[in-house]
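>>> Make a model of this:
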Amino acid sequence: MSTTVGDLLRIKGSKVETITASETILEGIRRMNEKHIGCLAVVTQAGKLSGILSERDVLWKVIAEAKSPKTHLVKDAMTPLKQMKTVTPSQTVEECMELITGRRHRHLPVLEGGKLVGMVSIGDVVKFLLDAQQATIQSLEKYITGTF
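A predicted model of the protein is given here:
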């Protein structure tokens, strides 16, 4: 049985840091720095997901274009929801890896019934898969040596 995104969220937690489109890029940078994360979910005043603001968005759409993070707003640099892929809690971690590698996404918002319930990053997926691989190796070693 494959592990689902919901299982992964139960392990890592489902808290998502958010920002609104009307806040400044600088506020977004400060929030990401404070939380040591690379992405914020951009939500409406009603809490509905409208996109994400990632480190790459800031670098490519603000800094590289010599715009001021103090005066430009999140809406000017965010990746809108219509340009992103999202996942549901019932999808598998392997499906996430396919989206991450195939579409070069670094962050996948997790939606359930249209509501934001978590965020899965490339780091989360890779860590989970490496941990699962290590557990398999340890089990096989115990089986081979007869120490299980």
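>>> Contacts for the helix or strand containing K127 next, please.
Counting by DSSP states H and E, the element that carries K127 is helix 122-145. For helix 122-145, contacts defined as Cβ atoms under 8 Å, 6 or more residues apart in numbering pick out T3, L8, I11, K12, V93, C96, M97, I100, H105, R106, H107, F148. (Glycine included, C-beta is placed from N, CA and C.)
>>> Also stretch 102-118?
Stretch 102-118 is contacted from outside by 5, 9, 14, 16, 38-39, 41, 43, 47-49, 52, 54, 56, 81, 84-89, 96, 99-100, 119-122, using Cβ under 8 Å, 6+ apart.
>>> Show me the shaky parts of this structure.
Confidence mapping of the chain against pLDDT under 70 gives the ranges 1, 148.
>>> Could you give me the buried positions within stretch 63-77?
Neighbour counts using 16 or more other Cβ atoms under 10 Å place P69, H72, L73, V74, K75, A77 of stretch 63-77 among the buried residues.
>>> how close does L111 get to A77?
Look at L111 and A77: by Cβ to Cβ, to the nearest Å, they are 22 Å apart.
>>> in stretch 35-46, what's buried?
Neighbour counts over stretch 35-46 (16+ other Cβ under 10 Å) mark I37, G38, C39, L40, A41, V42, V43 as buried.
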